[in-house]
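1. predicted coordinates and the sequence they were generated for:
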Amino acid sequence: MELLPNCYTDLCVNGKWFHYDHGDTSVFMLNGGSPITFELGAQPTTEAELENYLSTIVSSL
């Protein structure tokens, strides 16, 4: 699915919830307190690309 401008996506990857504001290169991991920010390698254009970036982040935690 294409990521439309001025929208956001909340996505769960391996039990970790992330919030992504479309058009940005950072993503926030929701952890019940202060969200943790991660920088993406590039701006994803599809949900599949976003999920690939997040899978890489989760595997490094």
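-> Thanks, I have it.
2. pLDDT weak spots in this protein?
-> The chain contains no residues with pLDDT under 70.
3. all helices of it, in order?
-> 47-59 (DSSP state H).
4. can you give me the strands for it?
-> Listed in chain order, the strands found in the chain under DSSP state E are 8-13, 16-21, 26-30, 36-39.
5. strand 26-30 and the first one, what's the angle between them?
-> Comparing the axes of strand 8-13 and strand 26-30 via axes from the mean of the first three to the mean of the last three Cα atoms, to 10 degrees yields an angle of 60 degrees.
6. again with the second one
-> Per the same axes, to 10 degrees, the angle that strand 16-21 makes with strand 26-30 is 140 degrees.
7. can I get the strands of the chain in a markdown table including mean neighbour count?
-> From N, CA and C alone the C-beta is placed, and that goes for glycine too. Shown next, in a markdown table, are those (neighbours: other Cβ atoms under 10 Å):
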| stretch | mean neighbour count |
| --- | --- |
| strand 8-13 | 14 |
| strand 16-21 | 17 |
| strand 26-30 | 16 |
| strand 36-39 | 13 |
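8. surely residue 29 touches residue 14?
-> No - using Cβ atoms under 8 Å, residue 29 makes no contact with residue 14, being 11.4 Å away.
9. distance to residue 47 added to the strands of the chain, as JSON lines?
-> Below are the strands of the chain laid out as JSON lines (distance: least, Cβ to Cβ, whole Å):
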{"stretch": "strand 8-13", "distance to residue 47": "6"}
{"stretch": "strand 16-21", "distance to residue 47": "9"}
{"stretch": "strand 26-30", "distance to residue 47": "13"}
{"stretch": "strand 36-39", "distance to residue 47": "17"}
